[in-house]
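Asker: I'd like to go over a predicted model; first the sequence, then the structure.
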Protein chains: 2
Amino acid sequence: MQNTLINDTFLKACLRQATPHTPVWLMRQAGRYLPEYCATRSVAGSFMGLATNVDFATEVTLQPLERYALDAAILFSDILTVPDAMGLGLSFAQGEGPRFAKPVRTEQDVASLRVPDMDKLRYVFDAVSSIRKALKGRVPLIGFSGSPWTLACYMVEGAGSDDYRLVKSLMYSRPDLMHQILSVNADSVATYLNAQIDAGAQAVMIFDSWGGVLAHEAFKSFSLHYTTRVLSQLKTEHNGQTIPRIVFTKGGAVWLDDMADMDCEVLGLDWTADLSAARHRVGGRAGTPGKALQGNLDPNVLFAPPQAIAEQTIAVLESFGKPHTDTTCSGPTHIFNLGHGISQYTPPEHVNVLVDTVHSHSVAMRAGMVKT
Amino acid sequence: MQNTLINDTFLKACLRQATPHTPVWLMRQAGRYLPEYCATRSVAGSFMGLATNVDFATEVTLQPLERYALDAAILFSDILTVPDAMGLGLSFAQGEGPRFAKPVRTEQDVASLRVPDMDKLRYVFDAVSSIRKALKGRVPLIGFSGSPWTLACYMVEGAGSDDYRLVKSLMYSRPDLMHQILSVNADSVATYLNAQIDAGAQAVMIFDSWGGVLAHEAFKSFSLHYTTRVLSQLKTEHNGQTIPRIVFTKGGAVWLDDMADMDCEVLGLDWTADLSAARHRVGGRAGTPGKALQGNLDPNVLFAPPQAIAEQTIAVLESFGKPHTDTTCSGPTHIFNLGHGISQYTPPEHVNVLVDTVHSHSVAMRAGMVKT
């Protein structure tokens, strides 16, 4: 597999190294807002039909890179593949979110949970290898998984939820069972991400999509603790390359100080976070330890006209401020992203405005040509 | 109208005055989890049938006080009465949330918005007077409204939303129109709350239920700015009594420092906030200015067994710490509440555990009988 990258700005920024521009990619960048994605999906028949077929997964992963000058690719898959491999039976009904045929509700359900046989996730690792080959070193490939807590939410609820009543009832009533689920999930996610790294993932991201629904103490014991357990088991190097680890907690900006101590390279933030304050608190000064920050444009900005998209994109870049430009040491860096996945209703041509603005404006910021 | 209260702990705590116990009430305490509420509602026929009938509204407001030793009553009404009075046509379909027949979408829709004639909200003010009479000074009565931003969300979306796509599209595309809506809303809410105060509301609360979905800069310009505009117009005294003003922003804990400067007496917090940190930042020391804090138990705790409910209730009390007990000056105070409205699925007998634990444990804390 080719190790030399044509565009390594994303990996460099993850490691807080200076780059000529601010790298950008978008959560859910291969998705329903792209007509070419919808076309491939209709051939595949279903979401899981896409995700489990190496050729389809490779094709849709590369689709957004053909349209936009993105600085990273992300594996096309779902955050819930791990509980599916545990035997819970994942499906996606038309127009609805994910659903598990066998949710985890009883003590017996919990007792039977095991780290799944990674052979059941072979389709994911095969997709990673295939995508790496197809990318030909254009940009790096990000692997990912849901966080232990986020997986547990779906495993217990059996589907998405408005109020997380079932999973929180279990957590408050039987914390012992919840800890048991989370322990299995943490070890499963670590094994899964390590296998993605072995297959060729050049960075990995943990999506704690539902961490933000927890009370502050519960967040520490039921989410952060188990994300930390995953991180402690992850490979940090593969074939001589450092593998950066990104943690994104939707709604987690309120716990920035708690997350600052995590053993990961990048913190993803949603749009409620002020990047300027976050940089001050966890970004580190040049030559000192710290984390790269990823985010955080409100995806709804992409429904505005081009001029407004450019203005809001610039506002996010400026809120982080000028990244450090000293190539002799590490320092504060920013990876541009949305604060959550791109909406399926996004006009595809609006994404060009975002990507091009990130590149042009971040070059100008480095050159000191704009107020930062 | 009787001004002397039998139990004035809630009002005292709002004003950061020492009380013998920590007062407690619950958002949505008159609601579907109570069988007696469901019985009255089935007679009334609909939610609005309840809210617009003085006798029914009085009856259901007092129902939770018969069961639980609550320290405040809150007017039975909806946060969306104001846009309904603007002519948007509020209704509640069975099993669904609120819906407006005429959502605000076009420039013309916006141009025709006016502060509504308060005569159209007479049923609310009549309910306030009637409830005050029925309470006979047992506990104070809280009046309320949705915040300008939260009203705007429903007015533009026409209903609840998962992604706030329509209202945010308008906000990012035509900020001028959004500011126009919010200006009318702010003046309407202020007029409405002042009329509730005239009718007998002894404290008022602004529910910014959807402030937390905004990006941090947008929160300041589109939510906080207009809540501030409401606050600046509110009466702070009526019949020689101070009228405390409570602001609750769901998901707002991340912006605590921005909210600290608001001209209100009480900040409501959801369960993501650490009350200890919040007290440190906005609670003020004894003899110095500051705000009382209200909150913040996760409503899902009420699905756990009684022992766990008591433990989690105590954890919230202890996270705030011992309130000040100096009767000669103001100082840090806590009003116990949930971090959001009580769930309709809550077992009613579980609420007793919560209320009784707040009272007994908070008395013990003041006596120095427990670790604080």
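Answerer: Thanks, I have it.
Asker: Run me through the strand neighbours of the lowest-mean-pLDDT helix or strand in chain A, direction for each.
Answerer: The helix or strand of chain A with the poorest confidence is strand A:90-92; it has a mean of 88 (mean pLDDT, DSSP states H and E). Based on DSSP bridges, the pairing partners of strand A:90-92 within the sheet are strand A:98-100 (antiparallel).
Asker: can you pull the buried residues of the partner strand?
Answerer: Across strand A:98-100, burial judged by 16 or more other Cβ atoms under 10 Å in any protein chain shown covers A:98-100. Yep, even glycine has a C-beta here, placed from its N, CA and C like the rest.
Asker: How about residues contacting it?
Answerer: Outside of strand A:98-100, the residues within contact range by Cβ atoms under 8 Å, 6 or more residues apart in numbering or on different chains are A:78, A:80, A:83-84, A:88-93, A:154-155, A:158-160.
Asker: and it, how far out from the chain's middle?
Answerer: Taking the mean C-alpha point of strand A:98-100 and that of its whole chain, the gap between them comes to 20 Å (Cα atoms, centre = their mean, to the nearest Å).
Asker: Show me what the helix or strand following that strand packs onto, helices and strands only.
Answerer: Per DSSP states H and E, strand A:98-100 leads on to helix A:107-111 as the next helix or strand towards the C-terminus. If contacts are counted by 3 or more Cβ pairs under 8 Å, 6 or more residues apart in numbering or on different chains; DSSP states H and E, helix A:107-111 sits against helix A:175-199.
Asker: what helices or strands is the helix it packs on leaning on?
Answerer: Contact here means 3+ Cβ pairs under 8 Å, 6+ apart; on that basis helix A:175-199 packs against helix A:81-83, helix A:107-111, helix A:122-135, strand A:141-146, helix A:148-157, helix A:165-173, strand A:203-208, helix A:225-233.
Asker: With distance to B:A260, mean pLDDT and mean neighbour count as added columns, please give these in CSV.
Answerer: Written out in CSV, the entries for the helices and strands packed on helix A:175-199 read as follows (distance: least, Cβ to Cβ, whole Å; pLDDT from 0 to 100; neighbours: other Cβ atoms under 10 Å in any protein chain shown):
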stretch, distance to B:A260, mean pLDDT, mean neighbour count
helix A:81-83, 42, 96, 26
helix A:107-111, 43, 97, 13
helix A:122-135, 47, 98, 20
strand A:141-146, 35, 98, 24
helix A:148-157, 30, 97, 26
helix A:165-173, 30, 97, 22
strand A:203-208, 28, 98, 25
helix A:225-233, 30, 98, 19
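Asker: Looking at the buried residues of strand A:98-100, which one is closest to A:L34?
Answerer: Using Cβ to Cβ, A:P98 is the member of the buried residues of strand A:98-100 that sits closest to A:L34, with 20.4 Å.
Asker: List, one by one, the residues from chain A near chain B.
Answerer: Applying Cβ under 8 Å from any Cβ of the partner chain, we find that chain A lies next to chain B at A:163-165, A:168-169, A:172-173, A:212, A:214-219, A:251, A:253-255, A:271-274, A:296-301, A:303-305, A:308, A:312, A:315, A:319, A:339, A:343, A:345.
Asker: Okay, and which of those residues map to helices?
Answerer: Using DSSP state H, the subset of those located in helices is A:165, A:168-169, A:172-173, A:216-218, A:308, A:312, A:315, A:319.
Asker: Quickly check those for the two that are furthest apart.
Answerer: Set against one another by Cβ to Cβ, these have their most distant pair in A:S173 and A:A308, with a gap of 47.4 Å.
Asker: which residues of the stretch 251-372 of chain A score low on pLDDT?
Answerer: In the predicted model, the stretch 251-372 of chain A carries pLDDT under 70 at residues A:370-372.
Asker: Just give the closest residue to A:F92, not the sequence neighbours.
Answerer: Closest residue in space to A:F92, ignoring its immediate chain neighbours: A:F47 at 4.4 Å, by Cβ to Cβ, 6 or more residues apart in numbering or on different chains.
Asker: any idea how far the closest residue to A:L141 other than its chain neighbours is from A:L26?
Answerer: For A:L141, the nearest residue in space outside its immediate sequence neighbours is A:A73; the separation is 5.0 Å by Cβ to Cβ, 6+ apart. In this structure, A:A73 lies at 11 Å from A:L26, with Cβ to Cβ, to the nearest Å as the measure.
Asker: would CSV of the helices and strands packed on helix A:175-199 with distance to B:V358 be doable?
Answerer: Rendered in CSV, the data for those read as follows (distance: least, Cβ to Cβ, whole Å):
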stretch, distance to B:V358
helix A:81-83, 38
helix A:107-111, 32
helix A:122-135, 49
strand A:141-146, 36
helix A:148-157, 28
helix A:165-173, 17
strand A:203-208, 31
helix A:225-233, 28
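Asker: Ok, which of these comes nearest A:R41?
Answerer: When those are ranked by proximity to A:R41, the top entry is helix A:122-135, at 15.2 Å, counting by Cβ to Cβ.
Asker: Who are the packing partners of the closest one?
Answerer: Checked by 3+ Cβ pairs under 8 Å, 6+ apart, helix A:122-135 has helix A:47-51, helix A:54-67, strand A:141-146, helix A:175-199 packed alongside it.
Asker: how about 7 Å then?
Answerer: In this structure, helix A:122-135 packs against helix A:54-67, strand A:141-146, helix A:175-199, with contacts taken as 3 or more Cβ pairs under 7 Å, 6 or more residues apart in numbering or on different chains; DSSP states H and E.
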